[in-house]
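A.B. asks: sequence below, structure please.
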Amino acid sequence: MSSNPTRPLDTNIAGDTEERIKRFLATASHDLQSPLRHIAMYAELLLDDLEETLDGEQLQSLRMIMEKAQAAQRLTKALMSLAGGAPQVTPEEVNLQALAEQVWPELIDETGAHDATLACRGLPSIRTDPALFGLVLRQLISNALTYRRSSPPHVAITAEQKGENWLIRVSDNGTGIDPAYRERIFEPFWKLPKAGAVAGAGLGLTTAQELLKALGGDLSLEHSDESGSRFTIHLPVS
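C.D. replies: All right, here's what the predicted structure looks like:
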């Protein structure tokens, strides 16, 4: 009987890669906890000390710093639990429309895509973990804004209920993904082999998919060609 000598090696490689991802998430999340805690703490102290001397815009900015730091703390804790194999999921009602409109300007500033447009009207409220799902949405929108053509980026988000699942689609008019690479985009530490490739660890889509699995869902590339790409998030209704 013939045997396949490469199979144990492939299994070992997959196991090693998964362990590397877990170590990466655990280390990065742990190292971020202390500075985030101090940012939130000092912002809160400044609010207590200066609340009566600051104008409305300054107070709003300071509150925003504190809220963002606290949200990042919650997210890093969730990532640490995910890396530990026991993801801490806290589902609640999430207004998908509000979430998309919240992360959009932040990502515009991060990517510099100030000519981009977003279409996301009429999105429903869904029940999920806002921190984990927010990270998934940020990753998909960030990719859409980063892998752009010379024309202004356009991102569209739609949602429909199909049976017991939400199908949330994020579409763009970007460069598309070569058919030769579409089976690899979710592989950890793998990046599109193209000139001027965006710097990063190659874990964005991998992490997004793992986060959705922790939420009971999944992520897939539904369509991609020269007109752009469309990713589909599958998420349980409740």
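A.B. asks: what's the closest non-adjacent residue to E101?
C.D. replies: In space, and not counting its chain neighbours, E101 is closest to C120: 7.1 Å by Cβ to Cβ, 6 or more residues apart in numbering. (Each C-beta comes from the backbone N, C-alpha and C, glycine too.)
A.B. asks: ok, the one you found - contacts?
C.D. replies: If you count contacts by Cβ atoms under 8 Å, 6 or more residues apart in numbering, C120 has them with 97, 100-101, 156-158.
A.B. asks: separation between it and N95?
C.D. replies: With distances taken as Cβ to Cβ, to the nearest Å, C120 is found 11 Å from N95.
A.B. asks: likewise I141?
C.D. replies: 16 Å.
A.B. asks: higher neighbour count, these two?
C.D. replies: I141 (26 against 14; other Cβ atoms under 10 Å).
A.B. asks: residues touching the residue lying closest to R138 once chain neighbours are set aside, list them.
C.D. replies: Residue nearest to R138 in three dimensions, not counting chain neighbours: V103, with 5.2 Å by Cβ to Cβ, 6+ apart. By Cβ under 8 Å, 6+ apart, V103 lies in contact with 134, 137-138, 141.
A.B. asks: what about those, which are in helices?
C.D. replies: 134, 137-138, 141 (DSSP state H).
A.B. asks: I'd like to know how far the residue nearest to E101 sits from S61.
C.D. replies: From C120 to S61 the distance is 26 Å (Cβ to Cβ).
A.B. asks: and Q70, by the same measure?
C.D. replies: For Q70, the distance to S61 - Cβ to Cβ - is 15 Å.
A.B. asks: can you check L47 too?
C.D. replies: Taken as Cβ to Cβ, the span from L47 to S61 is 11 Å.
A.B. asks: ok, those two, which is more surrounded?
C.D. replies: L47 (15 against 11).
A.B. asks: Three-state assignment for the nearest residue to W166 once chain neighbours are set aside, please.
C.D. replies: The shortest distance from W166 to any non-neighbouring residue, by Cβ to Cβ, 6+ apart, is to L235 (4.5 Å). Following DSSP: H, G, I helix; E, B strand; the rest coil, we place L235 in the strand state.
A.B. asks: next up, the contacts around L235.
C.D. replies: 126, 128, 133, 165-166, 168, 212, 215-217.
A.B. asks: which pLDDT does the model give it?
C.D. replies: L235 is assigned 96 on the pLDDT scale.
A.B. asks: after the worst-scoring helix or strand of the chain on mean pLDDT comes which helix or strand?
C.D. replies: Least confident helix or strand of the chain, by mean pLDDT, DSSP states H and E, is helix 6-50 with a mean of 70. Next helix or strand after helix 6-50 toward the C-terminus (DSSP states H and E): helix 56-83.
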